[in-house]
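J.: predicted model follows, preceded by the sequence.
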Amino acid sequence: MQVNDLVNLVANVGFPVVISAYLLIRLEKQIISLTASINKLNTIISTKLGIVIDNSEENKSA
């Protein structure tokens, strides 16, 4: 994406939309990493407590 494309996008769509899209694209890797870490933590805690967790809901959304 070049500067001219970015300027046209801001002019046509609006500043808040462009900033939101940029941040979502930029943070996508960190969100995926955070999700994986939460799932690992969930597994570790459930193992320590001896609780069986149904992961079918997690698999549907992934």
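T.: All right, it came through fine.
J.: can you give me the helices in this protein?
T.: 3-13, 15-49, 56-61 (DSSP state H).
J.: ok, the residue positioned nearest the centre of the chain to K48 distance?
T.: Nearest residue to the geometric centre of the chain (C-alpha atoms, centre = their mean): I31, 3.5 Å. Noted for I31: a distance of 26 Å to K48, by C-beta to C-beta, to the nearest Å. Where C-beta positions appear, they are placed from N, C-alpha and C, glycine not excepted.
J.: then G14?
T.: Taking C-beta to C-beta, one finds G14 at 48 Å from K48.
J.: try L34
T.: Where K48 is concerned, L34 sits at a distance of 21 Å (C-beta to C-beta).
J.: between these two, which has more neighbouring residues?
T.: For L34 versus K48, neighbours defined as other C-beta atoms under 10 Å are more numerous around L34 (11 against 8).
J.: what about V10, neighbour count?
T.: V10: 14 neighbours (other C-beta under 10 Å).
J.: nope, S20 is what I meant
T.: Residues near S20, counting by other C-beta under 10 Å: 11.
J.: now V7
T.: 11.
J.: now swap in Y22 and tell me
T.: Neighbours of Y22 (other C-beta under 10 Å): 13.
J.: try the one 4 residues further on
T.: Burial of R26 is recorded as 9 neighbouring residues (other C-beta under 10 Å).
J.: now swap in I38 and tell me
T.: 11.
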